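Participant: Give me a model of this one.
(chains A and B)
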Amino acid sequence: MASGDPLIEVTDLVKHFPIKSGLLIDREVDQVRAVDGISFNVASGQTLGLVGESGSGKSTACRAMLQLLKPTSGSVRFEGQEISGLSRREMRPLRRQMQMIFQDPYASLNPRKRVGQIVGSPLQLQGIASGAELRKQVQELLERVGLSSEHYDRYPHEFSGGQRQRIGIARAIALKPKLVVADEPVSALDVSIQAQIVNLLDDLQDELGLTYVFVAHDIGVVRHVSDRIAVMHDGKIVEEGNADQVCERPADPYTKKLLAAVPIPDPRESRARRQATLRSA
Amino acid sequence: MSEPLLSVEDLRVGFTTEGGRLQAVDGVSFGVAPGEVLAIVGESGSGKSVTAQTILGLTRSPNATIEGSVRLRGTELVDAGEAELRQVRGAQIGMVFQDPMTSLNPVYRVGGQIVEAIRAHGSDTSKEAARERAIELLDSVGIVDAERRVDDYPHEFSGGMRQRAMIAMALALEPEVLIADEPTTALDVTIQAQILRLLEGLNRERNLATILITHDLGVVAEVADRVLVMYAGRVVEEGALDEIFYDPQHPYTWGLLGSLSRIDRPRPHRLPQISGAPPSLISLPEGCAFRTRCPHEFAKCSQQPPLEAKLADGAGHADRCWLDLERKREKRQVGGRIGLEAPS
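Facilitator: Below you'll find the predicted structure:
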């Protein structure tokens, strides 16, 4: 596929969760409209940043898009093929094309498995490699994400948060996916480690031609990695556009409010901004 | 600036663990005056939280060794008895923790928990009076309709409201010192901005001496007067807010400032990063603990640099680095900004 064509097209995606009540017979009394009709495209090789506060529906949107949650309605096309409503069996061959990186590197790696098994299991499950070949491929993956091939036989608890996130990234790229959805991949990490992981994701995108959907509440990080940004609020996308444009000239009032609340690590500018807010109030 | 209300002198906290002995806090000294906000900045394992908890005697345990001095209005707290400390906690030093979800008891009403805090220290306060006080406090931290919300359970409060309730509880006994350990880290940015304004307002109105512990330099820039940067249990740099941001002397501070992604500036092609990871406290490198990650390391760094004020104009601005002033001014410039040059 040529770079620039949409890899994934999401149209009017809806995910409602029922609120049930009643002792013997559950009656649906209301719905939580977690994702309430969102549409976006992500061009091949590009990064879409999805920002929003907790409860805005950004994680649910990703899960519904990847069919990890069954969407209530709407369409998701991957390379032109409709995937919304496909059965688990029908999804299986497509799964290797779309992978996920999770927020908490402490909770997303099985503590009883060695690093080699964690990173190698997707390759094994999809029948791509086994035995000595599997080991070789996994060791290459570990080196590619900045770990060492000697880490193969270690357990997750022997690693720091940043190294664990590298293991999660190695697992996600093992099958050479086209789409990687990263859900808050750096928010649990120390400041000095965040930049390392962001740069690693950047490098992998260039090397492997990956397409990213990058979900985070930190708009500064999102702006750095994204070509386009979509701002979510109450299950809807309130603004979508070029990353610099959304940050420098936001059009939607909620986006403006979100940007105004981001603390600026510069005392002089922070004082000037507070005085400006006082004057306008 | 008035005399410090709380002063910490050469505080050392060590723990014996299965993996060996570690020095979590290694010779930390500072003072906080009424009306002042002191920010302690650092990453996980830097010793910032252990320092705060030790002030309140919360790190005491059979495997902990605590040395040095913590004085509140001249009274020594490090060797104070448990009963004496109970009088200090809450009444003289209030504390707000990171996670308002886990620091409120889910099975008691919010108001009831504040009433309990008030009555635990002043048993002569009637239940009715304590309840009135709880309503006043909730109102003062910006809980709308406090009279009704006082009877809510914590789960009926949003995250921001819970943090407000925690602050109300910390202020219930009118302490002179407030310690806030990552008070906004678990909150959304719009709520974080509100809580920071609240803390700032309370600090001014009540003339509190505030210690703010955070990893977020954006938060520091918004509220702090003075800053302490900690790394591997030691203070590596301290100074007034503007000194730390505009004339930083320690390479670790340069790295922290340089690696931030800022929304108010054009984005760089690559984020400047600090290489490697913080060292294990059990096997710290000899000398400067940052030298294994520092691109400017030289022979002298294998000796521990002292925390010294080196600038002519800033007696309160000190750092632990062997580089001389001229070299620092040149080396901290990366692409026209302060940062840490990427190691080759």
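
Participant: who's in contact with residue A:41?
Facilitator: A:6, A:8, A:9, A:10 (Cβ atoms under 8 Å, 6 or more residues apart in numbering or on different chains). The way it works is simple: take the backbone N, C-alpha and C, and place the C-beta from them, glycine included.

Participant: Tell me where the stretch 51-200 of chain A has strands.
Facilitator: According to DSSP state E, counting those that start in this stretch, the stretch 51-200 of chain A carries its strands in the segments A:73-78, A:81-82, A:98-101, A:179-183.

Participant: can you redo these as JSON lines with mean neighbour count?
Facilitator: Converted to JSON lines, the strands of the stretch 51-200 of chain A look like this (neighbours: other Cβ atoms under 10 Å in any protein chain shown):
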{"stretch": "strand A:73-78", "mean neighbour count": "17"}
{"stretch": "strand A:81-82", "mean neighbour count": "10"}
{"stretch": "strand A:98-101", "mean neighbour count": "23"}
{"stretch": "strand A:179-183", "mean neighbour count": "24"}
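
Participant: Next, format those as a markdown table and append distance to chain B and mean pLDDT.
Facilitator: Below are those laid out as a markdown table (distance: least, Cβ to the nearest Cβ, whole Å; pLDDT from 0 to 100):
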| stretch | distance to chain B | mean pLDDT |
| --- | --- | --- |
| strand A:73-78 | 26 | 97 |
| strand A:81-82 | 34 | 96 |
| strand A:98-101 | 17 | 94 |
| strand A:179-183 | 15 | 96 |
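
Participant: Format these as TSV; extra columns: distance to residue B:149.
Facilitator: Shown next, in TSV, are the strands of the stretch 51-200 of chain A (distance: least, Cβ to Cβ, whole Å):
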stretch	distance to residue B:149
strand A:73-78	38
strand A:81-82	48
strand A:98-101	39
strand A:179-183	33
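
Participant: most residues in a single helix of chain B, which one?
Facilitator: Criterion DSSP state H: the longest helix present in chain B is helix B:189-206.

Participant: burial count for the residue in the stretch 1-150 of chain B that chain A sits nearest to?
Facilitator: Evaluated by Cβ to the nearest Cβ, the stretch 1-150 of chain B has residue B:43 as its residue closest to chain A, separated by 4.0 Å. When neighbours are defined as other Cβ atoms under 10 Å in any protein chain shown, residue B:43 has 20 of them.

Participant: Tell me who's in contact with it.
Facilitator: Residues in contact with residue B:43 (Cβ under 8 Å, 6+ apart) are A:190, A:191, A:192, B:215, B:231, B:278.

Participant: And residue A:154, by the same measure?
Facilitator: A:114, A:115.

Participant: how close does it get to chain B?
Facilitator: Counting by Cβ to the nearest Cβ, to the nearest Å, the separation of residue A:154 from chain B is 15 Å.

Participant: one step back: show me what secondary structure element comes after the longest helix of chain B.
Facilitator: strand B:209-214 (DSSP states H and E).

Participant: tell me the pLDDT at the residue nearest to residue A:196 when sequence neighbours are not counted?
Facilitator: Nearest in space to residue A:196, with sequence neighbours left out and distances taken as Cβ to Cβ, 6 or more residues apart in numbering or on different chains, is residue B:273 at 4.9 Å. Looking at residue B:273, its pLDDT stands at 85.
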